[in-house]
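when you get a sec, could you give me coordinates for this:
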Amino acid sequence: MRKTMRRLSAAIVATGFVLAPLAHAQTDNSPVGVWQTIDDHTGQPKALVQITQDADGTLSGKILKGLGPNDQPGRRCDKCTDYRKDQLMLGMTIINGMKQDGDKYDGGQILDPENGSLYKCTMHTDENGQKLVVRGYIGISLIGRSQTWSRQQ
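As a prediction, the model looks like this:
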């Protein structure tokens, strides 16, 4: 009996060592975390966006910090046309309603605070969860643009 218990204990420990990295890999592929956005025109870092999972399982994202010329805590969304009009960009929710659909997230919206435009959005992780491909579009996904964001540690 004692020998059986030792074997069972060893098997449980071994299983834990095998499954722990897999669980960590699953977490790394989630869009939840802090991402560095890139300016489409200059190719320079633009902002840090934090994506979180809401209680209902949907993802949302807010601006944590502007980078480079965008590091202006007092900047306001003067071009926004919804409830965010003239609100501070710092802390502003720019992504909402993203639902998981297999290995991607969609069904939500993304705001471009530079021009106040709202777009439908789809996103998925790439490069083992280190990149986030975010596509904003109007109507169908073919008519839009994609950005690749980098995960920040």
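
CA only for contacts and neighbour counts going forward, please
OK.

partner strands of the one helix or strand H124 maps to and their direction?
Using DSSP states H and E, H124 sits within strand 117-126. Using DSSP bridges, the strands paired with strand 117-126 are strand 104-112 (antiparallel), strand 131-137 (antiparallel).

out of these, which one sits most buried?
When those are scored by mean count of other Cα atoms under 10 Å, the highest mean neighbour count falls to strand 131-137 (a mean of 20).

contacts for that strand next, please.
Here strand 131-137 makes contact (Cα atoms under 8 Å, 6 or more residues apart in numbering) with 31, 35, 109-110, 119-126, 141, 143-151.

of the residues you listed, grab the buried ones for ChimeraX.
Of the contacts of strand 131-137, the buried ones can be selected in ChimeraX as follows, counting by 16 or more other Cα atoms under 10 Å:
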select :31,35,109,110,119,120,121,122,123,124,125,147,148,149,150,151
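
domain parsing of this protein, as residue ranges.
Domain assignment for the chain by automatic domain parsing gives 1-29, 31-152.

deepest in the core, which of these is it.
Between the domains of the chain, domain 31-152 has the highest mean count of neighbours, a mean of 17, where neighbours are mean count of other Cα under 10 Å.

distance from the chain centre to that one, please.
Chain-centre distance of domain 31-152: 7 Å, with Cα atoms, centre = their mean, to the nearest Å.

what angle separates the host helix or strand of K65 from strand 104-112?
Using DSSP H and E, K65 sits in strand 59-66. Calculated by axes from the mean of the first three to the mean of the last three Cα atoms, to 10 degrees, strand 59-66 forms an angle of 40 degrees with strand 104-112.
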